[in-house]
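Novice: fold the following, please.
(2 chains)
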Amino acid sequence: MTRLSIRGVGVVGGFGCGLEAFDRALVSGVASTMQVTPVPGNESVLRSAFLADTAPLEEFLNKRALRRIDHFSRLALLGSHLALQDAGMLGAIPERVGLVIASGYGALRTTFSFLDSIIEDGDSCASPTHFSNSVHNAAAAHVAIKLNIGGPNLTVSQFEMSVSSALLTAQLWLEEGRVDHVVFGGVDEYSAVLGYCWERFLGSESTEEMAPFDLARQTALVGEGSAFFVLSREETASPYGAIDRVSLGHLSGGLPILPKDPVYILGADGHRQCSAKYPELVPQGASVASYAPLYGSLPVGQAFDLAAAALAMRDGRLCATPGHVAEETDWQIVGTEELGQRDICCLKMDDNGGYGFLTVTKGRG
Amino acid sequence: MSGPSPVAVTGVGCLCAAGANLAACMESLFKERRHPAPPSRFETEHAIRYPVFEVSEGFFPPELPEDGQLLRTSRLALAATLEALHDADWNPEDLKGLRVGVCIGTTVGSAMNSEEFYRDYRSGKRPEMTPIERFLRSNPAASVARYFGLSGPVQTVVNACSSGTDALGLAASWVRNGLCDVALAGGADELTRVTYNGFASLMIADAEPVRPFDLSRRGLNLGEGAGMLVLESEKIQQVRKAKIRSHLLGYGSACDAYHLTAPSPDGSGLIRALDEAMQSSGCRSEDIAFVNAHGTGTPDNDRVESTVLGKVLPRTPFLSTKGFTGHTLGAAGALEAAFTIACLEAGRIPASAGFSKPDPVFPIHPVTREVAIEGRAALSQSLAFGGNNAVVIFGKEGPQ
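Specialist: As a prediction, this is how the structure comes out:
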């Protein structure tokens, strides 16, 4: 299958905006959180969340162009512009470009804003702007319009498996020659209702520090943001490396063949039910990292894992797993160390036994 | 492009307001029976009771999970899948040892928009999480994979109204490239108060039964349903020697990159999607027996489709089947693919329901009566919010 050369990376999240901010967070192991109030009418219940600021989007698009574009789509627009800028393609986007976006929940805030308009103004006065922007592919539409990407356009929503599933399609598009480049990204946003859901599901086990490798503990903190990439067939080596293999399936079909002795960047993000599944796939003694404590828990967290892998390839070094690290584990928790010749496997598992992984290797050519 | 590489379709299943299965739907289409009516499952405050096309509760197979366990969208997908697997002569148990992927298009099935839950949340109550848990259990592709115990790739396509068509084209690519032995692919969507209010707010809902391509058209009627196909690899075909109903010959998709809700007036994205589908199918225009158009009945959509078909396939008969089903959103492309296959098999297409008076600015018009068709292939196309355009081409036989 075609190797996907990573030509550009654009990220925005709780750690800030852009690769430099992300790199600083990876090196320092620190990203700041904000406080949210997940219980309506009760300001005393506060939870930490990794929230993203889209103000830097005005570097690319003026306020008028952003009128009526919601936070979810702004996250996607910012991530995609940053990735194309990093790839040197902004303003010179070639023909035969496709766009693939993964999202676990879509435009949550606008989904509920539309319901607000029904409840407050009545069925006959519901907001058409909110309705049209609440559709899951609204972000992909705005990105295509602003960047004039007229090729195939796809949005995938598969909860935790969204990134692996969508990436599979990006790879096939390049494999079949449908396009020469794919702008690929994952995006999810925080909303007050999501915060409420978290509180109801997890509130009694709330935490202030994520500990991804305390697999038996619930330590997830909610996050939002977007991570975008420009992917191309590998003709020359990219410093970010290339995605060699994408696979997703279910453990009921048997254990998949994983790459040999890679560094694993696990999608373990403090959700106990999902985290408990990783030992079923990741062998004892494996080198593992998780960078979720820098961007929080969100369905498309694997896109941020991929960005961390791309930076590790570029710099030839791995950053230490941030946050609280369990002392007792069957794995080798990655510290600040040389990457060497190792590949990186970004693995995500859900609480049902679904898995999705992608392998990042050094660039060739 | 990799060139023509057809994928076998061995099973077809669907349900919508026109019928509980493909045979019942086709009977309705050819007998020109349609029953739009105001919604029965919910109330609204609209002065106009826009007609819709609802699926009767009696259309669901009795073995499906009860309504409270899964969203209706997933139940629709499961019902269509059961029929498709039966049609393909698959015992679902036999699929468990194979690499079987599931690719389903939807809109409502992926939206966390339980109105009842949100009203309680807004009013300061602490609503129970039952609707959210149901939503989290009901990702359409995951629901189908879980129900049948499948372990291959899963993908829920949320490309608005082209989702079903896209899901078919993408799943064919999975099979063609060896990602799975069998793919269950299609689309599913339920009718809800939220989407009803949404389309009313856009002022593109017709107060009368929908009239695609007619001079008097005023918009769409919403519907609900699901369509699912069984796609199989050559390897599996050689082992099973199952009856092949059709071949998915080609797929193309492109984005207008023009407007969030309106199609590009020149149809540039649709033209690119058609070009790609024709090229990948290896078909020439004379091979296309008919076109199952998107034909929503909205002024903009129908104008663009007629304009583009007038340029690309000016002598090919076309119809819209939404006069029988309503606009089933993410299910539409898959339902229409099922109808396309059945019409190709039957060698005839029904009248385009709701069309009687030609729009003089349109270069070509849909069929007004049942028509015998000639040609080895047929084409189904979908246009969507976000400027998405998707086209699939089915053929009676494999490569020529």
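Novice: show me which residues of the stretch 1-150 of chain A sit near chain B.
Specialist: Counting by Cβ under 8 Å from any Cβ of the partner chain, the stretch 1-150 of chain A comes close to chain B at A:1, A:39-41, A:99, A:103, A:105-106, A:108, A:111-112, A:114-116, A:118-119, A:122-128, A:131-138, A:140-142, A:144-145, A:147-150. Any C-beta I mention is one placed from the backbone N, CA and C, and that applies to glycine too.
Novice: which non-adjacent residue is nearest the residue of chain A found nearest chain B?
Specialist: As assessed by Cβ to the nearest Cβ, chain B sits closest to residue A:253 within chain A, at 2.5 Å. Spatial nearest neighbour of residue A:253, excluding adjacent residues (Cβ to Cβ, 6 or more residues apart in numbering or on different chains): residue B:151 at 2.5 Å.
Novice: can you tell me the helix or strand for that neighbour?
Specialist: Following DSSP states H and E, there is no helix or strand that holds residue B:151.
Novice: roughly how far apart are it and residue B:96?
Specialist: For residue B:151, the distance to residue B:96 (Cβ to Cβ, to the nearest Å) stands at 8 Å.
Novice: same question for residue A:241.
Specialist: From residue A:241 to residue B:96 the distance is 36 Å (Cβ to Cβ).
Novice: more neighbours, those two?
Specialist: Regarding residue A:241 and residue B:96, a neighbour count based on other Cβ atoms under 10 Å in any protein chain shown identifies residue A:241 as having more, with 27 against 14.
Novice: that older thread, who touches the residue nearest to residue A:253 in this structure?
Specialist: A:249, A:250, A:251, A:252, A:253, A:254, B:96, B:99, B:100, B:145 (Cβ atoms under 8 Å, 6 or more residues apart in numbering or on different chains).
Novice: hmm, which of the residues you listed is lowest in pLDDT?
Specialist: Minimum pLDDT for the contacts of residue B:151 is recorded at residue B:96 (88).
Novice: what number of residues lie near residue B:211?
Specialist: Residues near residue B:211, counting by other Cβ under 10 Å: 26.
Novice: isn't it right up against residue B:218?
Specialist: Yes - with contact defined as Cβ atoms under 8 Å, residue B:211 reaches residue B:218; the gap is 7.3 Å.
Novice: what's around residue B:357, how many residues?
Specialist: Neighbours of residue B:357 under the rule other Cβ under 10 Å: 13.
Novice: read off the pLDDT value for residue A:324.
Specialist: On the pLDDT scale, residue A:324 gets 71.
Novice: dihedrals phi and psi, it?
Specialist: Main-chain torsions, residue A:324, degrees, to the nearest 10: phi -70, psi 130.
Novice: next up, the contacts around the nearest residue in space to it that is not next to it in sequence.
Specialist: Of all residues not flanking residue A:324 in the chain, residue A:211 sits nearest, at 3.9 Å (Cβ to Cβ, 6+ apart). Counting by Cβ under 8 Å, 6+ apart, residue A:211 makes contact with A:217, A:219, A:270, A:323, A:324, A:325, A:326.
Novice: how about residue A:211, secondary structure?
Specialist: Per DSSP: H, G, I helix; E, B strand; the rest coil, the secondary structure class of residue A:211 is coil.
Novice: kindly report the same for the one 3 residues further on.
Specialist: Assigned with three-state DSSP, residue A:214 falls in the coil class.
Novice: contacts only, for it.
Specialist: A:324, A:326.
Novice: was I right to think residue B:186 contacts residue B:229?
Specialist: Yes - with contacts counted by Cβ under 8 Å, residue B:186 reaches residue B:229, the gap being 5.7 Å.
Novice: more neighbours, these two?
Specialist: Using other Cβ under 10 Å as the criterion, residue B:186 and residue B:229 rank with residue B:186 on top: 38 against 33.
Novice: tell me where the chain has helices.
Specialist: As the question left the chain open, I've gone with chain A. Taking DSSP state H as the criterion, chain A carries its helices at A:19-28, A:71-86, A:108-121, A:128-134, A:138-147, A:162-175, A:192-202, A:272-275, A:301-315.
Novice: look at chain B instead
Specialist: B:22-30, B:72-87, B:115-122, B:130-137, B:140-148, B:163-176, B:193-201, B:234-240, B:268-281, B:299-312, B:322-325, B:332-346.
Novice: and those helices as CSV, adding distance to chain A?
Specialist: Output for the helices of chain B, formatted as CSV (distance: least, Cβ to the nearest Cβ, whole Å):
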stretch, distance to chain A
helix B:22-30, 27
helix B:72-87, 12
helix B:115-122, 5
helix B:130-137, 6
helix B:140-148, 7
helix B:163-176, 5
helix B:193-201, 4
helix B:234-240, 16
helix B:268-281, 6
helix B:299-312, 14
helix B:322-325, 19
helix B:332-346, 14
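Novice: make JSON lines from those helices and add mean neighbour count to it.
Specialist: Formatted as JSON lines, those follow (neighbours: other Cβ atoms under 10 Å in any protein chain shown):
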{"stretch": "helix B:22-30", "mean neighbour count": "19"}
{"stretch": "helix B:72-87", "mean neighbour count": "26"}
{"stretch": "helix B:115-122", "mean neighbour count": "17"}
{"stretch": "helix B:130-137", "mean neighbour count": "16"}
{"stretch": "helix B:140-148", "mean neighbour count": "26"}
{"stretch": "helix B:163-176", "mean neighbour count": "30"}
{"stretch": "helix B:193-201", "mean neighbour count": "22"}
{"stretch": "helix B:234-240", "mean neighbour count": "14"}
{"stretch": "helix B:268-281", "mean neighbour count": "23"}
{"stretch": "helix B:299-312", "mean neighbour count": "21"}
{"stretch": "helix B:322-325", "mean neighbour count": "30"}
{"stretch": "helix B:332-346", "mean neighbour count": "27"}
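Novice: residue in chain B nearest to chain A?
Specialist: Closest approach between chain B and chain A, counting by Cβ to the nearest Cβ: residue B:151, at 2.5 Å.
Novice: what residue in the chain is the furthest from its centre?
Specialist: Just so you know, I chose chain A. What lies farthest from the middle of chain A is residue A:124; by Cα atoms, centre = their mean that is 37.4 Å.
Novice: ah, I was thinking of chain B
Specialist: Distance from the centre of chain B peaks at residue B:124, with 39.2 Å (Cα atoms, centre = their mean).
Novice: wait, that one touches residue A:39, no?
Specialist: No - with contacts counted by Cβ under 8 Å, residue B:124 stays clear of residue A:39, the gap being 9.8 Å.
Novice: residue 125: how many residues sit nearby?
Specialist: In the absence of a named chain, chain A is used. Neighbours of residue A:125 under the rule other Cβ under 10 Å: 12.
Novice: please refer instead to chain B.
Specialist: 11.
Novice: identify the residues contacting it.
Specialist: Residue B:125 neighbours (Cβ under 8 Å, 6+ apart): none.
Novice: report pLDDT for the residue of chain B closest to chain A.
Specialist: 95.
Novice: who touches both of residue B:186 and residue B:229?
Specialist: In contact with both residue B:186 and residue B:229: B:84, B:168, B:334, B:337, B:338, using Cβ under 8 Å, 6+ apart.
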